[in-house]
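Trainee: my questions concern the predicted model and sequence given below.
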Amino acid sequence: MRVTWSDGKTSHQVSGPAPQAETGWTSRVELLQLPPGRSIDYEVRFPGRSVKGRFRTPPARSGAPIRFAWSGDVCGQGWGIDESRGGMQSFATLARLQPDFFLHSGDSVYADDPLPAQKKMADGSLWRNRLIPEKTRPAVSLDDYRGQYRYNLLDPHYREFLAKVPVVVQWDDHEVLNNWDEAHHSAWSSHARQAFLEYWPVTGRTIYRKISYGPDLELFVLDLRTYRAANGPNRQPQPGPETVMLGKQQLDWLKKGLSQSRARWKFIAGEMPIATYNESFGLDNWGNGPGGPLGREWELADLLSFLKQRKVENVVWLCADVHYAAALHYDPSRAVFRDFSPFWEFIAGPLHAGTFPSQEHPLDPTFGAKMVFDSVTPKLKLNRPPSEGLQFFGQVHIEGKKCRVSLHRQDGTSLFSQTL
């Protein structure tokens, strides 16, 4: 593999390893010493083929405008690539908008959710999925998991998006198995982790990491899967081994990073919402119902109290997971647990999967959550297809002291905006 890149002034060439079967026919190379705040044109060459793209590097000066997008959930609930319906349209919009980078908030594949050849729509028509063998069965082997990522790359909008927009990615459950935890599902997670790291640009020892994007923005990408205790009632009255979500090492890393950050805006890529819960779906995230703190909420209460004590300001949470878009405000005046400062959380998804009403996920009152905006109606039927246009992503616009978060429909239509 050979990569040529240019900032319009100078050109550089970097060689990388050839794709091998041992790496799922993927290859990677790191581009070092990129100039800040510049548009970079690049070309990746393999024998007999090349791919061109463009991205922009982080700014060097404070106050420079930054715009990034986020969402999650791709090819779930039976909705794969139907070429007759235009494929994965959300990625066409994101490729057109070309944000500085995209935060993929998890469920980038649905390895545990096979696609049917066709799916009947409410109007009687058929959704016809393009298929490969790995998408017709739940993933078990390493090659099965690799096939989940290869499948998404069949969509031309997705490929164009990846060529034009840098991606910061985290995983959730469907990269492995619904509601998985390491203690019970390590046989699946080891293969899933290898495929995830082969097909996404993640370096380092852990999936959780900090991304510094210029002087004004730091992004703290969490891993809420690897270190968690097994799912259960999630209502333990005291913290202990059964209430772990982040784990001590990740929690200490997050506290240190946030308290020492000099960035004006600190975004936590939280993967799953804080307050939503649904016992019938499994108590898989922080929330658990009335009362509290209980269960996994103990870790979150510890973090929020720490941020208040250290006077860490301008912390914003982003996530996906629940298949609708929403803006939630958390305030101690409404909360059961009150030792924290008010903050915002924004939810956006799905990118290309079934849409669900927020009423499927009531709000846990522990941290005083209030839904300020909801993208779907309460009477929405379950698992609406991408063709209905109820696919959502969010954007963050930063310019010095100003930060605006907006939520958008699949075609880019703005639905909600909040200035922080």
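Mentor: Nice, I can see it.
Trainee: for the rest of this, base every contact and every neighbour count on C-alpha atoms.
Mentor: Fine.
Trainee: contact partners for the spatially most central residue of the chain?
Mentor: Central residue of the chain (Cα atoms, centre = their mean): residue 105, 0.5 Å from the mean position. When contacts are counted by Cα atoms under 8 Å, 6 or more residues apart in numbering, residue 105 touches 70-73, 169-172, 269-271, 319-321.
Trainee: same check on residue 106?
Mentor: Going by Cα under 8 Å, 6+ apart, residue 106 touches 72, 73, 169, 170, 171, 172, 173, 175, 271, 320, 321.
Trainee: try residue 349
Mentor: Residue 349 touches 71, 72, 73, 320, 321, 322, 323, 324, 325, 391, 392, 393, counting by Cα under 8 Å, 6+ apart.
Trainee: kindly recompute the last result at 7 Å.
Mentor: Residues near residue 349 by Cα atoms under 7 Å, 6 or more residues apart in numbering: 71, 72, 73, 320, 321, 323, 324, 325, 391, 392, 393.
Trainee: and what of residue 284?
Mentor: Neighbours of residue 284 in contact, by Cα under 7 Å, 6+ apart: 179, 231.
Trainee: circling back to that earlier point, now, the contacts of residue 105 that are in strands?
Mentor: Among these, the subset assigned to strands under DSSP state E consists of 70, 71, 169, 269, 270, 271, 319.
Trainee: name the member of these with the most neighbours.
Mentor: residue 71 (32 neighbours; other Cα atoms under 10 Å).
Trainee: run through the bridge partners of it.
Mentor: According to DSSP bridges, the partner residues bridging residue 71 are residue 104.
Trainee: roughly how far apart are it and residue 378?
Mentor: In this view, residue 71 and residue 378 are 21 Å apart by Cα to Cα, to the nearest Å.
Trainee: what of residue 125?
Mentor: Residue 125 is 25 Å from residue 378, by Cα to Cα.
Trainee: in the stretch 51-200 of the chain, which spans are strands?
Mentor: In the stretch 51-200 of the chain, the segments counted as strands under DSSP state E, counting those that start in this stretch are 66-71, 101-104, 118-120, 126-128, 167-169.
Trainee: nearest to residue 210, of those?
Mentor: Residue 210 sits nearest to strand 167-169 of all those, at 10.3 Å, using Cα to Cα.
Trainee: before we move on, back to that, tell me which of the strands of the stretch 51-200 of the chain sits most buried.
Mentor: strand 66-71 (a mean of 24; mean count of other Cα atoms under 10 Å).
Trainee: how far does that strand sit from its chain's centre?
Mentor: Distance, stretch centre to chain centre, for strand 66-71: 11 Å (Cα atoms, centre = their mean, to the nearest Å).
Trainee: got a list of contacts for it?
Mentor: For strand 66-71, using Cα under 7 Å, 6+ apart, the contacting residues are 99-105, 320, 348-351, 393-399.
Trainee: let me see the mean pLDDT of stretch 240-254.
Mentor: Taken as a whole, stretch 240-254 has a mean pLDDT of 97.
Trainee: only alpha carbons, please: show that stretch as CSV.
Mentor: Extracted in CSV, the C-alpha atoms of stretch 240-254 (Å, rounded to 0.1, in the frame of the first residue of the first chain):
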residue,chain,number,x,y,z
GLY,A,240,-19.1,-2.9,44.5
PRO,A,241,-17.9,-5.3,41.8
GLU,A,242,-21.4,-5.9,40.5
THR,A,243,-21.9,-2.1,39.8
VAL,A,244,-18.9,-1.5,37.6
MET,A,245,-19.4,0.2,34.2
LEU,A,246,-16.2,2.1,33.4
GLY,A,247,-13.9,0.3,35.7
LYS,A,248,-11.4,2.0,38.0
GLN,A,249,-8.7,2.5,35.5
GLN,A,250,-11.0,4.1,32.9
LEU,A,251,-12.7,6.2,35.5
ASP,A,252,-9.4,7.5,36.9
TRP,A,253,-8.2,8.2,33.4
LEU,A,254,-11.4,10.2,32.7
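Trainee: now do the buried residues in that stretch.
Mentor: 242, 243, 244, 245, 246, 247, 250, 251, 254 (16 or more other Cα atoms under 10 Å).
Trainee: domain parsing for this protein?
Mentor: Per the record, the chain has its domains at 1-57, 59-419, by automatic domain parsing.
Trainee: need the winner for burial among the ones you listed.
Mentor: Scoring those by mean count of other Cα under 10 Å, the most buried comes out as domain 59-419, with a mean of 20.
Trainee: can you give the distance from it to the centre of its chain?
Mentor: Once both centres are worked out by Cα atoms, centre = their mean, domain 59-419 turns out to sit 4 Å from its chain's centre.
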